[in-house]
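Peer 1: build me a model from this:
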Amino acid sequence: AANGKGAGVRLYSSAAGGSTFTVKGTTEIGGGTDTNAVYVDSTVPTQVAITADNLQSGAHINLEPGDRHSQKNQELVKGEHASIYAAYFHLTGVPAGETWNLSPNAADNALRLRQQEVIDSSNGGTWKKLKDAVTNAETGDVILVKGEIKASNTPGNYGQIPVTGKKITIKKDGSGAAIIDANKGGLSSGNTSRIFNLAGSGAELTIDGVDLKNGKAAGEGGGILVDGGTLTLQNGATITACEAGTNGGAIAVKNSGVVTANGAEVKFNKADGKGGGAIYIEHGSVTLENNVELSANNAVGSNGGAVYVDKQGMLTINGAVLKLNNATKPNSTIGHGGGIFVTGDAGSHGTVVMSAGTIESNIASINGSNFEGSGGGVCIDGQGVFEMSGGEIKENKAKNGGGVYIDAGAKFSIKGEARVTVNSLENDVYIKS
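Peer 2: Numbering: from 1, shown residues only. Below is the predicted model of the structure:
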(Lines give C-alpha, C1' and ligand atoms only; values in the text may rest on other atoms or scores of the structure.)
Protein backbone atom coordinates (compact mmCIF):
# COMPACT_ATOMS: atom_id res chain seq x y z
CA ALA A 1 0.00 0.00 0.00
CA ALA A 2 1.15 3.54 -0.69
CA ASN A 3 3.33 4.88 2.16
CA GLY A 4 2.55 1.68 4.06
CA LYS A 5 -0.99 2.93 4.72
CA GLY A 6 -4.12 0.88 4.06
CA ALA A 7 -3.47 -2.75 3.17
CA GLY A 8 -6.86 -2.73 1.46
CA VAL A 9 -7.86 0.88 0.76
CA ARG A 10 -6.48 4.24 1.82
CA LEU A 11 -8.94 7.11 2.14
CA TYR A 12 -7.35 10.55 2.33
CA SER A 13 -7.55 14.15 1.14
CA SER A 14 -5.04 16.45 -0.47
CA ALA A 15 -4.87 19.91 -1.99
CA ALA A 16 -6.69 18.47 -4.98
CA GLY A 17 -9.66 17.51 -2.81
CA GLY A 18 -10.93 14.69 -0.63
CA SER A 19 -11.41 11.12 -1.78
CA THR A 20 -14.70 9.23 -1.58
CA PHE A 21 -15.33 5.54 -0.98
CA THR A 22 -18.71 3.79 -0.78
CA VAL A 23 -19.37 0.26 0.49
CA LYS A 24 -22.56 -1.58 -0.43
CA GLY A 25 -24.29 -4.94 -0.11
CA THR A 26 -22.04 -7.69 1.28
CA THR A 27 -18.71 -5.89 0.82
CA GLU A 28 -15.80 -7.62 2.58
CA ILE A 29 -12.53 -5.87 3.35
CA GLY A 30 -10.54 -7.96 5.79
CA GLY A 31 -11.92 -10.35 8.36
CA GLY A 32 -10.70 -13.52 10.01
CA THR A 33 -6.96 -13.77 9.38
CA ASP A 34 -7.17 -11.23 6.55
CA THR A 35 -5.59 -7.97 7.74
CA ASN A 36 -6.82 -5.83 4.86
CA ALA A 37 -8.50 -2.64 6.05
CA VAL A 38 -9.73 0.75 4.96
CA TYR A 39 -7.20 3.25 6.28
CA VAL A 40 -9.00 6.53 6.99
CA ASP A 41 -6.54 9.42 7.18
CA SER A 42 -6.94 12.24 9.69
CA THR A 43 -7.90 15.21 7.52
CA VAL A 44 -8.77 18.86 8.09
CA PRO A 45 -10.81 20.96 7.86
CA THR A 46 -13.23 18.18 6.93
CA GLN A 47 -12.68 14.60 8.04
CA VAL A 48 -12.95 12.16 5.12
CA ALA A 49 -15.31 9.25 5.74
CA ILE A 50 -16.50 5.98 4.24
CA THR A 51 -20.03 6.06 2.89
CA ALA A 52 -22.25 3.10 3.86
CA ASP A 53 -25.05 2.36 1.41
CA ASN A 54 -27.50 -0.48 2.08
CA LEU A 55 -25.03 -2.88 3.64
CA GLN A 56 -26.40 -6.37 4.17
CA SER A 57 -25.77 -9.44 6.29
CA GLY A 58 -22.36 -10.87 5.48
CA ALA A 59 -20.64 -7.52 5.04
CA HIS A 60 -17.37 -7.02 6.93
CA ILE A 61 -15.19 -3.92 6.74
CA ASN A 62 -12.03 -3.48 8.77
CA LEU A 63 -11.39 0.20 9.48
CA GLU A 64 -8.05 1.58 10.63
CA PRO A 65 -8.01 5.21 11.85
CA GLY A 66 -5.04 7.26 10.69
CA ASP A 67 -4.57 9.04 14.03
CA ARG A 68 -6.94 7.84 16.73
CA HIS A 69 -6.41 10.72 19.12
CA SER A 70 -6.89 13.51 16.60
CA GLN A 71 -9.85 11.66 15.10
CA LYS A 72 -11.57 11.02 18.43
CA ASN A 73 -15.28 11.92 18.17
CA GLN A 74 -15.01 12.38 14.38
CA GLU A 75 -17.44 10.71 11.96
CA LEU A 76 -15.49 8.08 10.03
CA VAL A 77 -18.48 6.35 8.42
CA LYS A 78 -21.56 8.11 7.06
CA GLY A 79 -24.95 6.85 5.96
CA GLU A 80 -28.48 6.51 7.31
CA HIS A 81 -29.33 3.83 9.90
CA ALA A 82 -25.90 3.74 11.52
CA SER A 83 -27.14 1.66 14.45
CA ILE A 84 -27.95 -1.14 11.98
CA TYR A 85 -24.75 -1.18 9.93
CA ALA A 86 -22.42 -0.54 12.88
CA ALA A 87 -22.00 -4.30 13.35
CA TYR A 88 -20.36 -4.60 9.90
CA PHE A 89 -17.44 -2.30 10.79
CA HIS A 90 -14.46 -3.48 12.85
CA LEU A 91 -11.65 -1.31 14.18
CA THR A 92 -8.07 -2.45 13.61
CA GLY A 93 -4.69 -1.03 14.53
CA VAL A 94 -5.71 -0.30 18.14
CA PRO A 95 -2.90 -0.97 20.64
CA ALA A 96 -3.42 -3.35 23.55
CA GLY A 97 -4.71 -1.58 26.63
CA GLU A 98 -6.79 0.97 24.70
CA THR A 99 -10.52 0.56 24.14
CA TRP A 100 -12.10 2.28 21.14
CA ASN A 101 -15.35 1.78 19.26
CA LEU A 102 -17.44 3.10 16.42
CA SER A 103 -20.73 4.38 17.85
CA PRO A 104 -23.80 5.76 16.07
CA ASN A 105 -24.27 9.51 16.45
CA ALA A 106 -27.44 11.04 17.86
CA ALA A 107 -28.99 11.42 14.40
CA ASP A 108 -28.17 7.77 13.57
CA ASN A 109 -26.59 8.80 10.27
CA ALA A 110 -22.89 8.26 11.02
CA LEU A 111 -20.42 6.24 13.11
CA ARG A 112 -18.12 8.26 15.35
CA LEU A 113 -14.78 7.14 16.70
CA ARG A 114 -15.11 6.96 20.47
CA GLN A 115 -12.70 5.95 23.20
CA GLN A 116 -13.98 4.06 26.22
CA GLU A 117 -12.97 5.65 29.48
CA VAL A 118 -11.42 3.27 32.01
CA ILE A 119 -11.65 4.46 35.62
CA ASP A 120 -9.08 2.27 37.38
CA SER A 121 -8.45 2.75 41.10
CA SER A 122 -4.93 1.36 40.72
CA ASN A 123 -4.12 3.89 38.02
CA GLY A 124 -5.33 7.21 39.39
CA GLY A 125 -9.05 6.46 39.12
CA THR A 126 -11.05 8.63 41.52
CA TRP A 127 -14.67 9.62 42.20
CA LYS A 128 -13.96 12.95 40.48
CA LYS A 129 -12.62 11.22 37.37
CA LEU A 130 -15.74 9.06 37.21
CA LYS A 131 -17.96 12.11 37.62
CA ASP A 132 -16.03 13.96 34.90
CA ALA A 133 -16.21 10.94 32.59
CA VAL A 134 -20.00 10.79 32.98
CA THR A 135 -20.31 14.55 32.45
CA ASN A 136 -18.23 14.43 29.27
CA ALA A 137 -19.76 11.23 27.91
CA GLU A 138 -22.02 11.19 24.89
CA THR A 139 -24.86 8.89 23.96
CA GLY A 140 -23.60 5.38 23.34
CA ASP A 141 -20.47 5.70 25.47
CA VAL A 142 -19.30 2.91 27.77
CA ILE A 143 -17.32 3.78 30.90
CA LEU A 144 -15.34 0.90 32.38
CA VAL A 145 -14.75 0.63 36.13
CA LYS A 146 -11.90 -1.34 37.68
CA GLY A 147 -11.20 -1.68 41.40
CA GLU A 148 -12.89 0.48 44.02
CA ILE A 149 -13.78 4.06 43.13
CA LYS A 150 -14.42 5.75 46.47
CA ALA A 151 -15.63 9.21 47.44
CA SER A 152 -13.54 11.22 49.90
CA ASN A 153 -13.58 14.62 51.57
CA THR A 154 -11.07 15.94 49.03
CA PRO A 155 -12.74 18.89 47.25
CA GLY A 156 -14.53 17.68 44.11
CA ASN A 157 -14.14 14.02 45.03
CA TYR A 158 -17.67 13.52 46.38
CA GLY A 159 -21.26 14.35 45.47
CA GLN A 160 -23.94 12.75 43.33
CA ILE A 161 -23.14 11.99 39.70
CA PRO A 162 -25.78 13.47 37.37
CA VAL A 163 -26.86 11.79 34.12
CA THR A 164 -28.83 14.11 31.83
CA GLY A 165 -29.85 13.89 28.18
CA LYS A 166 -27.66 10.92 27.23
CA LYS A 167 -27.62 7.14 27.12
CA ILE A 168 -24.51 5.61 28.71
CA THR A 169 -23.28 2.35 30.24
CA ILE A 170 -21.06 1.94 33.28
CA LYS A 171 -19.54 -1.51 33.09
CA LYS A 172 -17.26 -3.77 35.07
CA ASP A 173 -13.82 -4.09 33.46
CA GLY A 174 -12.45 -7.62 33.56
CA SER A 175 -13.05 -10.25 36.21
CA GLY A 176 -11.89 -8.36 39.32
CA ALA A 177 -13.83 -6.04 41.59
CA ALA A 178 -15.72 -3.05 40.20
CA ILE A 179 -17.10 -0.95 43.06
CA ILE A 180 -18.47 2.59 43.25
CA ASP A 181 -18.50 3.53 46.93
CA ALA A 182 -20.13 6.81 48.02
CA ASN A 183 -18.50 6.26 51.42
CA LYS A 184 -21.33 7.57 53.61
CA GLY A 185 -19.53 6.53 56.77
CA GLY A 186 -16.23 8.16 55.87
CA LEU A 187 -17.39 11.60 54.76
CA SER A 188 -18.29 14.78 56.58
CA SER A 189 -22.06 14.97 56.97
CA GLY A 190 -22.40 17.72 54.37
CA ASN A 191 -20.50 15.69 51.77
CA THR A 192 -22.59 12.50 51.76
CA SER A 193 -24.81 11.91 48.72
CA ARG A 194 -26.66 9.42 46.61
CA ILE A 195 -24.57 7.92 43.81
CA PHE A 196 -26.46 8.75 40.59
CA ASN A 197 -29.26 11.16 39.67
CA LEU A 198 -31.03 10.46 36.36
CA ALA A 199 -32.81 13.68 35.46
CA GLY A 200 -35.29 13.93 32.60
CA SER A 201 -36.69 11.47 30.07
CA GLY A 202 -33.51 11.56 27.96
CA ALA A 203 -31.32 10.21 30.75
CA GLU A 204 -30.54 6.50 30.34
CA LEU A 205 -28.05 4.63 32.48
CA THR A 206 -27.08 0.96 32.42
CA ILE A 207 -25.11 -0.45 35.35
CA ASP A 208 -23.45 -3.64 34.07
CA GLY A 209 -21.82 -5.85 36.69
CA VAL A 210 -20.76 -2.94 38.94
CA ASP A 211 -21.36 -2.82 42.70
CA LEU A 212 -22.82 0.43 44.08
CA LYS A 213 -22.74 1.03 47.82
CA ASN A 214 -22.89 3.45 50.74
CA GLY A 215 -24.97 6.19 49.15
CA LYS A 216 -26.91 8.49 51.46
CA ALA A 217 -29.55 11.07 50.53
CA ALA A 218 -31.43 13.40 52.85
CA GLY A 219 -34.44 12.96 50.55
CA GLU A 220 -35.38 10.23 48.08
CA GLY A 221 -33.19 7.61 46.46
CA GLY A 222 -30.24 6.80 48.68
CA GLY A 223 -28.44 5.02 45.85
CA ILE A 224 -30.08 6.30 42.67
CA LEU A 225 -32.83 8.81 41.94
CA VAL A 226 -34.62 8.02 38.68
CA ASP A 227 -36.37 11.32 38.05
CA GLY A 228 -37.94 10.67 34.67
CA GLY A 229 -35.01 8.70 33.24
CA THR A 230 -34.38 5.01 32.52
CA LEU A 231 -32.20 2.75 34.65
CA THR A 232 -31.06 -0.79 33.88
CA LEU A 233 -29.23 -3.04 36.35
CA GLN A 234 -27.78 -6.19 34.82
CA ASN A 235 -25.18 -8.96 34.91
CA GLY A 236 -24.75 -9.13 38.66
CA ALA A 237 -24.92 -5.42 39.41
CA THR A 238 -25.66 -4.68 43.08
CA ILE A 239 -26.86 -1.79 45.23
CA THR A 240 -26.05 -2.24 48.91
CA ALA A 241 -25.99 -0.32 52.19
CA CYS A 242 -27.59 2.86 50.83
CA GLU A 243 -30.06 4.95 52.81
CA ALA A 244 -32.67 7.62 52.17
CA GLY A 245 -34.00 10.13 54.67
CA THR A 246 -37.43 9.80 53.06
CA ASN A 247 -38.22 7.15 50.42
CA GLY A 248 -36.36 4.50 48.46
CA GLY A 249 -33.25 3.39 50.29
CA ALA A 250 -31.61 2.15 47.08
CA ILE A 251 -33.79 3.57 44.29
CA ALA A 252 -36.59 6.14 44.04
CA VAL A 253 -38.62 6.41 40.84
CA LYS A 254 -40.70 9.46 39.88
CA ASN A 255 -41.92 11.48 36.86
CA SER A 256 -42.55 8.39 34.70
CA GLY A 257 -39.12 6.91 35.40
CA VAL A 258 -38.42 3.35 34.26
CA VAL A 259 -36.25 0.75 36.00
CA THR A 260 -35.38 -2.77 34.83
CA ALA A 261 -33.36 -5.07 37.07
CA ASN A 262 -32.11 -8.23 35.36
CA GLY A 263 -29.93 -10.61 37.35
CA ALA A 264 -29.10 -7.97 39.98
CA GLU A 265 -29.14 -7.68 43.78
CA VAL A 266 -30.50 -4.88 45.98
CA LYS A 267 -29.80 -5.54 49.67
CA PHE A 268 -29.13 -4.03 53.11
CA ASN A 269 -30.67 -0.66 52.20
CA LYS A 270 -33.00 1.41 54.36
CA ALA A 271 -35.47 4.29 54.14
CA ASP A 272 -37.59 6.44 56.41
CA GLY A 273 -40.51 8.62 55.22
CA LYS A 274 -43.22 6.66 53.44
CA GLY A 275 -40.76 3.81 53.04
CA GLY A 276 -39.53 1.45 50.38
CA GLY A 277 -36.40 0.08 52.02
CA ALA A 278 -35.05 -0.95 48.62
CA ILE A 279 -37.30 0.76 46.05
CA TYR A 280 -39.94 3.50 46.16
CA ILE A 281 -42.13 3.96 43.06
CA GLU A 282 -43.94 7.27 43.18
CA HIS A 283 -44.72 7.63 39.49
CA GLY A 284 -43.20 5.18 37.02
CA SER A 285 -42.49 1.48 36.56
CA VAL A 286 -40.06 -1.11 37.85
CA THR A 287 -39.52 -4.59 36.41
CA LEU A 288 -37.71 -7.32 38.35
CA GLU A 289 -36.69 -10.35 36.31
CA ASN A 290 -34.15 -13.13 35.82
CA ASN A 291 -33.51 -13.99 39.48
CA VAL A 292 -33.22 -10.48 40.87
CA GLU A 293 -32.86 -10.54 44.65
CA LEU A 294 -34.17 -7.89 47.05
CA SER A 295 -33.09 -8.94 50.52
CA ALA A 296 -32.54 -7.59 54.03
CA ASN A 297 -33.87 -4.13 53.21
CA ASN A 298 -35.58 -2.06 55.87
CA ALA A 299 -38.38 0.53 55.93
CA VAL A 300 -37.69 2.15 59.30
CA GLY A 301 -40.99 2.87 61.02
CA SER A 302 -42.65 3.02 57.61
CA ASN A 303 -44.09 0.80 54.88
CA GLY A 304 -42.71 -1.54 52.24
CA GLY A 305 -39.61 -3.23 53.60
CA ALA A 306 -38.50 -4.03 50.04
CA VAL A 307 -40.81 -2.01 47.77
CA TYR A 308 -43.37 0.77 48.23
CA VAL A 309 -45.67 1.15 45.18
CA ASP A 310 -47.46 4.49 45.38
CA LYS A 311 -50.66 5.52 43.59
CA GLN A 312 -49.05 6.07 40.19
CA GLY A 313 -46.52 3.26 40.43
CA MET A 314 -46.25 -0.09 38.64
CA LEU A 315 -44.20 -3.10 39.76
CA THR A 316 -43.75 -6.19 37.59
CA ILE A 317 -42.19 -9.30 39.14
CA ASN A 318 -41.14 -11.91 36.61
CA GLY A 319 -38.58 -14.07 38.35
CA ALA A 320 -37.35 -12.34 41.52
CA VAL A 321 -36.82 -13.19 45.18
CA LEU A 322 -37.94 -10.73 47.88
CA LYS A 323 -36.82 -12.11 51.22
CA LEU A 324 -35.81 -11.11 54.75
CA ASN A 325 -37.06 -7.56 54.31
CA ASN A 326 -38.63 -5.65 57.18
CA ALA A 327 -41.09 -2.87 57.82
CA THR A 328 -39.79 -2.18 61.31
CA LYS A 329 -41.09 -0.49 64.44
CA PRO A 330 -38.28 1.55 66.03
CA ASN A 331 -40.72 3.54 68.19
CA SER A 332 -44.49 4.01 68.28
CA THR A 333 -44.82 3.97 64.49
CA ILE A 334 -46.01 0.70 62.98
CA GLY A 335 -44.82 -0.32 59.53
CA HIS A 336 -46.80 -2.46 57.09
CA GLY A 337 -45.87 -4.59 54.10
CA GLY A 338 -42.64 -6.35 55.04
CA GLY A 339 -42.07 -7.31 51.42
CA ILE A 340 -44.32 -5.01 49.38
CA PHE A 341 -46.69 -2.17 50.22
CA VAL A 342 -48.99 -1.05 47.40
CA THR A 343 -51.60 1.68 47.76
CA GLY A 344 -54.25 3.56 45.78
CA ASP A 345 -57.45 5.55 45.89
CA ALA A 346 -60.47 6.19 43.68
CA GLY A 347 -58.44 8.41 41.36
CA SER A 348 -55.40 6.20 40.80
CA HIS A 349 -53.94 3.03 42.18
CA GLY A 350 -50.55 1.42 42.44
CA THR A 351 -50.35 -1.96 40.73
CA VAL A 352 -48.21 -5.06 41.25
CA VAL A 353 -48.21 -7.84 38.64
CA MET A 354 -46.43 -11.04 39.64
CA SER A 355 -45.92 -13.94 37.24
CA ALA A 356 -42.89 -15.71 38.76
CA GLY A 357 -40.64 -15.57 41.80
CA THR A 358 -41.04 -15.70 45.58
CA ILE A 359 -41.92 -13.32 48.41
CA GLU A 360 -40.65 -15.06 51.53
CA SER A 361 -39.54 -14.61 55.13
CA ASN A 362 -40.45 -10.91 55.35
CA ILE A 363 -41.77 -9.23 58.51
CA ALA A 364 -44.19 -6.38 59.26
CA SER A 365 -43.35 -4.61 62.55
CA ILE A 366 -42.24 -6.91 65.31
CA ASN A 367 -42.19 -5.56 68.88
CA GLY A 368 -40.31 -7.97 71.09
CA SER A 369 -41.93 -11.28 70.23
CA ASN A 370 -45.21 -9.70 69.04
CA PHE A 371 -46.09 -8.75 65.49
CA GLU A 372 -47.97 -5.45 65.15
CA GLY A 373 -47.95 -4.64 61.43
CA SER A 374 -50.14 -5.87 58.58
CA GLY A 375 -49.04 -7.78 55.50
CA GLY A 376 -45.80 -9.59 56.26
CA GLY A 377 -45.36 -10.47 52.61
CA VAL A 378 -47.70 -8.00 50.90
CA CYS A 379 -49.91 -5.20 52.21
CA ILE A 380 -52.52 -3.97 49.70
CA ASP A 381 -53.66 -0.66 51.10
CA GLY A 382 -56.59 1.57 50.13
CA GLN A 383 -57.51 0.71 46.56
CA GLY A 384 -54.16 -0.77 45.57
CA VAL A 385 -54.02 -3.71 43.14
CA PHE A 386 -52.01 -6.97 43.28
CA GLU A 387 -52.41 -9.46 40.43
CA MET A 388 -50.69 -12.84 40.83
CA SER A 389 -50.53 -15.44 38.06
CA GLY A 390 -47.40 -17.30 39.19
CA GLY A 391 -44.81 -17.57 41.91
CA GLU A 392 -45.20 -18.11 45.65
CA ILE A 393 -45.75 -16.09 48.83
CA LYS A 394 -44.50 -18.04 51.85
CA GLU A 395 -43.13 -17.93 55.41
CA ASN A 396 -43.88 -14.23 56.00
CA LYS A 397 -45.07 -12.89 59.37
CA ALA A 398 -47.35 -10.09 60.59
CA LYS A 399 -50.16 -9.45 63.07
CA ASN A 400 -52.77 -9.43 60.29
CA GLY A 401 -52.14 -11.15 57.00
CA GLY A 402 -48.76 -12.80 57.45
CA GLY A 403 -48.81 -13.56 53.72
CA VAL A 404 -51.18 -10.94 52.29
CA TYR A 405 -53.23 -8.17 53.88
CA ILE A 406 -56.12 -6.89 51.72
CA ASP A 407 -57.69 -3.58 52.71
CA ALA A 408 -61.45 -3.07 52.35
CA GLY A 409 -61.22 -1.39 48.94
CA ALA A 410 -58.15 -3.23 47.64
CA LYS A 411 -57.95 -5.86 44.91
CA PHE A 412 -56.06 -9.14 45.10
CA SER A 413 -56.38 -11.67 42.29
CA ILE A 414 -54.66 -15.05 42.14
CA LYS A 415 -54.77 -17.62 39.36
CA GLY A 416 -52.85 -20.31 37.51
CA GLU A 417 -50.00 -21.87 39.49
CA ALA A 418 -49.61 -18.94 41.90
CA ARG A 419 -49.59 -19.93 45.56
CA VAL A 420 -49.90 -18.36 49.00
CA THR A 421 -48.60 -21.15 51.23
CA VAL A 422 -50.11 -21.07 54.71
CA ASN A 423 -47.88 -22.52 57.44
CA SER A 424 -49.72 -23.08 60.73
CA LEU A 425 -51.04 -19.60 61.63
CA GLU A 426 -48.38 -17.78 59.61
CA ASN A 427 -48.44 -16.44 56.08
CA ASP A 428 -52.23 -16.28 55.98
CA VAL A 429 -54.42 -14.01 53.86
CA TYR A 430 -56.38 -11.38 55.80
CA ILE A 431 -59.32 -9.59 54.18
CA LYS A 432 -60.50 -6.46 55.96
CA SER A 433 -64.27 -6.13 55.92
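Peer 1: for the stretch 201-350 of the chain, which spans come out with low pLDDT?
Peer 2: Applying pLDDT under 70 to the stretch 201-350 of the chain flags no residue at all.
Peer 1: ok, the residue nearest to residue 384 when sequence neighbours are not counted - contacts?
Peer 2: Nearest residue to residue 384, sequence neighbours excluded (C-beta to C-beta, 6 or more residues apart in numbering): residue 342, at 3.9 Å. In short, each C-beta sits where N, CA and C put it, glycine included. Each residue near residue 342 by C-beta atoms under 8 Å, 6 or more residues apart in numbering is listed here: 308-309, 313, 315, 350-352, 378-381, 384-386.
Peer 1: so which of these is the closest to residue 421?
Peer 2: residue 378 (13.3 Å; C-beta to C-beta).
Peer 1: beta partners of the spatially most central residue of the chain?
Peer 2: By C-alpha atoms, centre = their mean, the chain has its centre lying nearest to residue 232, at 2.7 Å. Per DSSP bridges, the residues bridged to residue 232 are residue 206, residue 260.
Peer 1: where do the helices of this structure begin and end?
Peer 2: With helices called from DSSP state H, the chain shows them at 68-71, 82-85, 127-136.
Peer 1: residue 195 reaches residue 215, doesn't it?
Peer 2: Yes: proximity of residue 195 to residue 215 meets the contact threshold set by C-beta atoms under 8 Å, at 4.4 Å.
Peer 1: who has more neighbours out of the two?
Peer 2: Counting neighbours by other C-beta atoms under 10 Å for residue 195 and for residue 215 shows that residue 215 has the greater number, 31 against 28.
Peer 1: can you map out the strands along the stretch 51-200 of the chain?
Peer 2: Using DSSP state E, counting those that start in this stretch, the strands of the stretch 51-200 of the chain run over 60-65, 75-78, 89-91, 100-104, 110-115, 117-120, 142-150, 161-164, 167-172, 178-181, 196-199.
Peer 1: which helices and strands sit right next to the longest one?
Peer 2: With contacts defined as 3 or more C-beta pairs under 8 Å, 6 or more residues apart in numbering; DSSP states H and E, the secondary structure elements packing on strand 142-150 are strand 117-120, helix 127-136, strand 167-172, strand 178-181.
Peer 1: do the same with the fourth one
Peer 2: Where contact means 3+ C-beta pairs under 8 Å, 6+ apart, strand 100-104 is packed against strand 89-91, strand 110-115.
Peer 1: residues contacting the longest one, please?
Peer 2: The reference is to strand 110-115. Counting by C-beta under 8 Å, 6+ apart, 49, 65, 68, 71-79, 82, 85-86, 89, 98-105, 138, 140-141 sit against strand 110-115.
Peer 1: I am finished for the moment; much appreciated.
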